[in-house]
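Colleague: build me a model from this:
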Amino acid sequence: MSIQESYERIYGASPVAIQQVPGRVNLIGEHTDYNGGLVLPTAINKSVSVAIGEAADDYYYFTSAIFPDPVRRDLSKIRTGHWSDYPLAAFAWLKAQGGWQKGAEVYIDSDLPHGSGLSSSAALIVAILKAVTELTGPYMTDTEVAKAAQRVENEYLAVPCGIMDQMAVAVARPGQALLLNTETLAFELIELPHAHSFVVAHSGVYRRLDEGRYALRRRECDAAAAALGVKLLCHLTEESAKGLIPKLEQPMRQRARHVWTEHCRVQQAASALRAHELEELGQLMTESHHSMRDDFEISLPVIDEMVDCSRRFGALGARLTGGGFGGCFVSLVETAKVDDWQQRMLQAFPEITFV
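Modeller: From the prediction side, this is the model:
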């Protein structure tokens, strides 16, 4: 059943706008986005779709293929911990900008695993913003939509995320990696290799960005930057990073070391991807995971084991992807060997699912 047919079955009318937005997986560059650094995500062939129509009153009605029980919300309280906080916050931002002023009936469909670290929340917000602004205006570029979606999460949901997820799902298309300067928003699209695949697997451990640990890491990075006399950690020069970071107290030293070395790894990874030097790219991915495990402390033992087995079973490199504390890991595998690699991974970890 199409999303339009699902909407019509639930609400008894046709939607006025439909939009589909892909999820993303970050190939390398974790927690550098809110530190002014580089990231290298790619869009994936999984997406979030929304169908939107006007409500007869001022309420917002949400129904989802994943969460089928209907929900009725108003704008009096947005942050409740319910999944519908995210689409409601998008409409709150639109109303505040003089956009959509009515209530809404919304149906959401997605084949992105919820809580997987593949930007399902960013894709949902971007989809609503794109659907409504393309219908009613004002015209917004993909970059402007991404910036607005970040504001929705930061200001309405108190999620201190950077801009990477929103830019990745708003700008990139499957088959392209997005090398993004998260401070200037300058970007380059790099074609992905055909002979090798970036395989995404969900660990079976679900996570949320609003449960505190993500925000704690951001506060630790801000404290490290202040101690080093810079606004953002990626403003450091190579010389100052090498000379000053080792003098910080823990855990600021670990957090700053991860961010700076990860920023450098993204530059190296982009060069390796352009040159099709995939062995080097795989090594950088693995180094990134070790940094997240040891310095940023956002991995989990079960995911560390999955990453190690991924490489033993033939992947050129593997790493946790997303905010951390669960979700997905991504592996670089020769395309001709993906089926065999997946079978071996499933034998070792029956709880994982491939995205």
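Colleague: only C-alpha atoms from now on, for both contacts and neighbour counts.
Modeller: Noted.
Colleague: what's the mean pLDDT across stretch 4-19?
Modeller: Averaging pLDDT along stretch 4-19 gives 97.
Colleague: quick one: residues contacting the closest residue to Asp74 other than its chain neighbours.
Modeller: Distances taken as CA to CA, 6 or more residues apart in numbering put Tyr59 closest to Asp74, at 5.2 Å, once the chain neighbours are dropped. In this structure, Tyr59 makes contact with 72-74, 103-104, judged by CA atoms under 8 Å, 6 or more residues apart in numbering.
Colleague: cool, Ala89 as well?
Modeller: By CA under 8 Å, 6+ apart, the neighbours of Ala89 are 78, 152-153, 156-157.
Colleague: only C-alpha atoms, please: export the helix or strand hosting it in CSV.
Modeller: In this assignment (DSSP states H and E), Ala89 forms part of helix 85-96. C-alpha atoms of helix 85-96 as CSV (Å, rounded to 0.1, in the frame of the first residue of the first chain):
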residue,chain,number,x,y,z
ASP,A,85,7.7,15.1,19.8
TYR,A,86,9.8,15.2,16.6
PRO,A,87,7.1,15.9,14.0
LEU,A,88,5.3,18.2,16.4
ALA,A,89,8.4,20.3,16.9
ALA,A,90,8.8,20.6,13.2
PHE,A,91,5.3,22.1,13.0
ALA,A,92,6.0,24.4,15.9
TRP,A,93,9.0,25.8,14.1
LEU,A,94,6.9,26.2,10.9
LYS,A,95,4.2,28.1,12.8
ALA,A,96,6.7,30.3,14.5
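Colleague: show me the strands in the chain, by range?
Modeller: In the chain, the segments counted as strands under DSSP state E are 17-28, 38-54, 60-64, 71-73, 104-110, 176-181, 187-191, 196-202, 317-321, 328-334, 353-354.
Colleague: relative to the whole chain's centre, how far out is the fourth one?
Modeller: Spelled out, it's strand 71-73. Chain-centre distance of strand 71-73: 26 Å, with CA atoms, centre = their mean, to the nearest Å.
Colleague: okay, buried residues for that strand please.
Modeller: Of all the residues in strand 71-73, those buried under the rule 16 or more other CA atoms under 10 Å are 71, 73.
Colleague: now do it: everything it contacts.
Modeller: Counting by CA under 8 Å, 6+ apart, residues outside strand 71-73 touching it are 59-63, 84, 88.
Colleague: just the buried subset of those residues, please.
Modeller: 59-63, 84, 88.
Colleague: quick one: low-confidence ranges for the stretch 101-250 of the chain?
Modeller: Within the stretch 101-250 of the chain, the segments meeting pLDDT under 70 span 113-117, 208-211.
Colleague: let's see that with 80 instead.
Modeller: Within the stretch 101-250 of the chain, the segments meeting pLDDT under 80 span 113-119, 137-138, 207-211.
Colleague: would you map the helices across it?
Modeller: Assigned helices in the stretch 101-250 of the chain, in chain order: 120-136, 142-151, 164-171, 213-228, 238-244 (criterion: DSSP state H, counting those that start in this stretch).
Colleague: all set now, cheers.
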